[in-house]
Structure formats: C-alpha cells, structure tokens
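**Q** pasting the sequence and the predicted coordinates here, then a few questions.
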Amino acid sequence: MKASRTPPLIAIVGRPNVGKSTLFNRLVGGRPALVHDTPGLTRDRRYGELEYFARKLRIVDTGGLDPDAEQDVIGAGIHRQAHAALKESDAVVLVVDARAGITPLDQEVVIMLRKLNLPVIVAANKVDSAKSDDLVHELHALGMGDPMPISAAHGRGVDDLVQGVVDLLALEPNVGDDDDEEVDAHETEEQALERPLRIAFVGKPNAGKSSLVNRLLGVERSLVHNVPGTTTDPVDTDFEFGGSSYTLVDTAGIRRRGRIDEETERISVSLAISQLRRADVVILVIDGNEEPSEQDARLAGMIEDSGKGLIIALNKSDLLGGQGALTKLKEKTKDELHFLNFAPMHLISALRGDGVSELMKLVDRVAKESRKRITTSELNRFFAEVCQTHPPPNKGAKMVTIHYLTQARVSPPTFLLFANHPTAVDKSYNRFIANQLRSRYGFEGTPLRVFVKPKSQGRNRKSGAKKGVNKRVPKPAPGPKRGQRNARRKRR
C-alpha cells in the first residue's frame, strides 16, 4: 500500500502537563502514549498517523517545552527531543491549558515558535463544554491567530482542530490510494513478510536499551540517562539496515513488581509488556556488568510465553576485561536462563558499537527461522524415523497411535500430533518431539509449540456425522426372516 505522497508531519507542542499526549492519543486512536498528571512524563518523540476524509497526516507527540528545565539532565534531553520534532515538522499545534490561562512559560514557547517560522494553530484545551468557551478569549493575546476550543479528554472540538490543520496546509484528498481498504486484524503470513520487521528491546532499567536503539539509528532517538525509569512510553522508530526495513521499539525498563512504587511506572511497564505481543523479534538486553538475575529470567519467561523470536544481548561487554570474563558471563547467563537454550546469545557494546551490526544480522536469521514452514509430507517422514526409536509411550491400558504430524502455523512454529487417545500422550513426549524438530530443522531463536489433537476432531463420535449434526441416521427396516419366506412359498 503506497500513498501518493508523503503525509505532512504535525508537531504537538506546549508547556508540560497541558494535555499534549491526551490529544495525540485522541488523534491517532488507542492509547499509544502514556498519560498521567505528572509533568515531564513524555520524554521521547512519539509518532502516529491519522486519516481525515482521504487526507493523511502524521502526528508527533513531544515532551513539555520548558527552557528553564535545560539545567536538569533529563529536562535538557526532553527539550532536545521536542526541538528535533519541530525541525522536521510542517506545522505545529500549540496546546494551551485554557483553564490556567496564559502563563509566562506559554509566552516563552510562543517566542521560540516564532523563530521557527512554522504555521501554528493554538488548541485551547480543557474546554469541556460550551459554558467554558469564554476562556478562549484571553488566549488571543498570544498573537498566534484564533484559538480553537477543544477537550482532548472528551473529544470536543477535535474534528474542527483537524479541519483547521487541513485548511492551514491546503491539503487535497489522496485520490486512488489503496489504504482506504480495511485491514484485517489477523494478518496473514504474506502480510507479515511485506511490512517492516518489528523489533522490541526489553530489559531491566539501565541495561542499555535506549543506548542500543540510538547506536543503531546514529541519532539520539531515545533519551538516555543512568536514572532508572528514564524511558516511559514505548518508542517506535522506522529504520533501514542492509536494504531491509525495521521498526525499532524501545521500552521502559521492567523491574520486579515489589519495587514498582509509582503509578506512572506501573503503567509504563504494562505498556512495555504489551509490546511483546506486537513484536516479531524481541531482544532481551542484559547488563553485562551485573550477573543475570531472577528478574532477567522472569522477562525471558514472558518472552518465551509470547512465542516471539528471542535474542539475548549481553551489553557493556567492553567493560568486562579479557576473554575469561566474557566466557564467565556467558556461562552464568546459560545457567540462569537454562530454559532458553534455543536463544542465541550475543555480546555487544551499545556505547562503542561493538557487535551491533552482527546483532541485526542475527535478528534477520531468527525472524526467518520463526517464519519457517515444513511440509506435512516431510514432517511425517521425520516422525516415522523418530517413532522407530522412540514410539509414543502408552498410558495405562490405552494403546496410543499417532496418525500424523503437521505444522499448523508459524511465528511461533506450531505443530499438531493427531492421535487416537490425545489425553494419554504425556507432555514430556511433546517436549521430546519439539527437541527433535529443533535438532532436525533448526528453528534458532524461536519457541516451538507441540499439541496433540484427536484424529476424529470435527465429527460426532457416536453417529459419525459432522460436528453440529446430532440426528442419528435411521436403520433400514429389517426384511422378512428365512422361515417366514419359506412359509409363504408353501401357501402359494
């Protein structure tokens, strides 16, 4: 699906805590940005898209602009991210809290925007009803045109705001685009291959996830600081490497539940975990300066349960010294994450860039393995060989017969064994088959699923009719017995 032209980019800016992320969520749909009444919560640039009567717009959410905050390390980083968004934008939506009126910080933001010479629309937020429309009049003093009353939380006036942006940029409808068609929520294997590969970076706080993303991109896309919790929202970034397209997702550091105190961090951790379902490959980033912990094992377990391709990246390897220390780190990681013997382990240094290019090649390999499909005929030749040495064990008096093996899906590769007595097949045999499949066909970096199903599934066992048809087929009426036929012949 290709658009006829690149949609313009609209930056949502303003001082902290005026409702920018709430407006962003309202425009792009869903809840992709973390929202809370804590100033400075949005720290990185977040991008989304919307379509308004065949006109496409890209939206970028920014952190609160506060020149005085540049004295603080994180505040300075937020300011840099917002400035970077403004430099690449075609227009600006300046969000102002209409209830609070014009503050000195609002005036400083306006002065900064005038220097950029970009078209600006003022969104007077928190005007929840017509009774509050009078609050807008004061905002004319900003000198940025007629403010538009909106309520980002309730949706009031948001359509008028988008129409104002369309009119400001004189956007024409995109005629003949294929993007008008509704996309099926369940993507096919072909659709998965056509879109960019989605890579999620997951790990404990301060493991180096954001540094790794920035190293790959070559720019400061995610704010980096040694304070745990610097990254709050999951940050998506499109990226190209070696002629292939990717979407990199930097997530918040995930700590143990008992150590998560603030509500905002609980929400950001929940958003990070939700990214596992959307990813194709997950990179578990572990701080090589620390021994792999129970929390790393918990995260690894969640990734395995999600069924996604997995790579273990041991970061900060440049700080460990010689080869002996690196070998020791690998052995400790293998011991702690012993249930992930299928996942490749890779040493990197996000700070220096060591091993980062090789990491992307490993991502491609794992993604390919996750999407691998084996034909049913090949699987049954393989299974016949396995059964010669390891037939399915019988449970009690039931004689287990497995009729055939087939692959049901990819990502994760899922296999079905069809047997006469499915409940009699122990789960240990499923694990054995999974190990044999991995030994024969690879599947590096991807979990395998093996399930046992009844061969007669889909049919009524009593009648043999198709599932859902309960009527018995009546037997034909019995004919006359032999003695009765002979008596009739004598009477004749």
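**A** On my side now, so go ahead. Residues are numbered from 1 along each chain as shown.
**Q** helices of the chain, start to end?
**A** 20-28, 73-87, 104-116, 158-169, 189-194, 209-217, 263-278, 294-306, 323-336, 356-370, 376-389, 427-441, 482-491 (DSSP state H).
**Q** now mean neighbour count too, for the ones you listed, in CSV please.
**A** No exception for glycine: its C-beta is placed from N, CA and C like everyone else's. Converted to CSV, these look like this (neighbours: other CB atoms under 10 Å):
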stretch, mean neighbour count
helix 20-28, 23
helix 73-87, 19
helix 104-116, 15
helix 158-169, 17
helix 189-194, 11
helix 209-217, 23
helix 263-278, 17
helix 294-306, 17
helix 323-336, 13
helix 356-370, 19
helix 376-389, 13
helix 427-441, 16
helix 482-491, 8
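**Q** any chance of these in a markdown table with mean pLDDT and distance to residue 245 as columns?
**A** Shown next, in a markdown table, are the helices of the chain (pLDDT from 0 to 100; distance: least, CB to CB, whole Å):
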| stretch | mean pLDDT | distance to residue 245 |
| --- | --- | --- |
| helix 20-28 | 86 | 21 |
| helix 73-87 | 62 | 21 |
| helix 104-116 | 88 | 30 |
| helix 158-169 | 90 | 27 |
| helix 189-194 | 66 | 10 |
| helix 209-217 | 85 | 13 |
| helix 263-278 | 56 | 16 |
| helix 294-306 | 84 | 22 |
| helix 323-336 | 89 | 31 |
| helix 356-370 | 94 | 12 |
| helix 376-389 | 92 | 31 |
| helix 427-441 | 92 | 27 |
| helix 482-491 | 55 | 81 |
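**Q** so which of these is nearest residue 398?
**A** Nearest of the helices of the chain to residue 398, taken as CB to CB: helix 427-441 at 13.6 Å.
**Q** with only the CA atoms kept, save the closest one in PDB.
**A** The C-alpha coordinates for helix 427-441 follow below in PDB (Å, rounded to 0.1, in the frame of the first residue of the first chain):
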ATOM      1  CA  LYS A 427       3.500 -33.600  27.900                       C
ATOM      2  CA  SER A 428       7.100 -34.900  28.200                       C
ATOM      3  CA  TYR A 429       6.600 -36.500  24.800                       C
ATOM      4  CA  ASN A 430       5.500 -33.100  23.300                       C
ATOM      5  CA  ARG A 431       8.800 -31.600  24.600                       C
ATOM      6  CA  PHE A 432      10.700 -34.600  23.200                       C
ATOM      7  CA  ILE A 433       9.200 -34.000  19.700                       C
ATOM      8  CA  ALA A 434       9.900 -30.300  20.000                       C
ATOM      9  CA  ASN A 435      13.600 -31.000  20.700                       C
ATOM     10  CA  GLN A 436      13.700 -33.500  17.800                       C
ATOM     11  CA  LEU A 437      12.200 -30.900  15.500                       C
ATOM     12  CA  ARG A 438      14.700 -28.300  16.600                       C
ATOM     13  CA  SER A 439      17.600 -30.800  16.100                       C
ATOM     14  CA  ARG A 440      16.500 -31.600  12.600                       C
ATOM     15  CA  TYR A 441      15.200 -28.300  11.300                       C
END
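**Q** what's the angle between it and helix 356-370?
**A** Going by axes from the mean of the first three to the mean of the last three CA atoms, to 10 degrees, helix 427-441 is angled at 120 degrees with respect to helix 356-370.
**Q** which elements pack onto helix 427-441?
**A** Packed against helix 427-441, as judged by 3 or more CB pairs under 8 Å, 6 or more residues apart in numbering; DSSP states H and E, are the following elements: helix 376-389, strand 414-419, strand 449-454.
**Q** and the longest one, what does it pack onto?
**A** Contacts defined by 3+ CB pairs under 8 Å, 6+ apart place helix 376-389 against strand 402-409, helix 427-441.
**Q** give me the contact list for it.
**A** 374, 402, 404, 405, 406, 407, 415, 433, 436, 437, 440 (CB atoms under 8 Å, 6 or more residues apart in numbering).
**Q** tell me which of these is nearest to residue 133?
**A** Closest approach between the contacts of helix 376-389 and residue 133, by CB to CB: residue 407, at 61.4 Å.
**Q** do you know the pLDDT at the closest one?
**A** In this model, residue 407 is scored at 94, pLDDT.
**Q** show me what contacts it?
**A** 373, 374, 376, 379, 413, 414, 415, 416.
**Q** any of those buried? List them.
**A** Neighbour-count burial (16 or more other CB atoms under 10 Å) applied to those gives 374, 379, 413, 414, 415, 416.
**Q** okay if I get the residues you listed as a markdown table plus distance to residue 389?
**A** Output for the buried ones among the contacts of residue 407, formatted as a markdown table (distance: CB to CB, whole Å):
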| residue | distance to residue 389 |
| --- | --- |
| 374 | 20 |
| 379 | 17 |
| 413 | 23 |
| 414 | 24 |
| 415 | 19 |
| 416 | 22 |
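**Q** now flag whichever of those is closest to residue 344.
**A** When those are ranked by distance to residue 344 (CB to CB), residue 413 comes first, at 16.4 Å.
**Q** Serialize the contacts of residue 407 to TSV and add fields for distance to residue 455.
**A** Converted to TSV, the contacts of residue 407 look like this (distance: CB to CB, whole Å):
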residue	distance to residue 455
373	22
374	20
376	14
379	16
413	21
414	18
415	15
416	10
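**Q** tell me the one of those residues nearest residue 428?
**A** Relative to residue 428, the closest of the contacts of residue 407 is residue 415; by CB to CB it sits at 15.7 Å.
**Q** pretty sure residue 450 is one of the things that closest one touches, is it not?
**A** Yes - here residue 415 reaches residue 450: they are 5.0 Å apart, a contact under CB atoms under 8 Å.
**Q** overlap in contacts, the two.
**A** Jointly contacting residue 415 and residue 450 under the rule CB under 8 Å, 6+ apart are 433, 434, 437.
**Q** out of these, which comes closest to residue 138?
**A** residue 434 (66.9 Å).
**Q** what sits against the closest residue in space to that closest one that isn't next to it in sequence?
**A** Nearest non-adjacent residue to residue 434, counting by CB to CB, 6 or more residues apart in numbering: residue 448, 4.4 Å away. For residue 448, the contacting residues are 342, 412, 413, 414, 415, 434, 437, 438, by CB under 8 Å, 6+ apart.
**Q** re the thing from before, adding distance to residue 107, write the helices and strands packed on helix 427-441 out as a markdown table.
**A** Formatted as a markdown table, these follow (distance: least, CB to CB, whole Å):
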| stretch | distance to residue 107 |
| --- | --- |
| helix 376-389 | 70 |
| strand 414-419 | 59 |
| strand 449-454 | 59 |
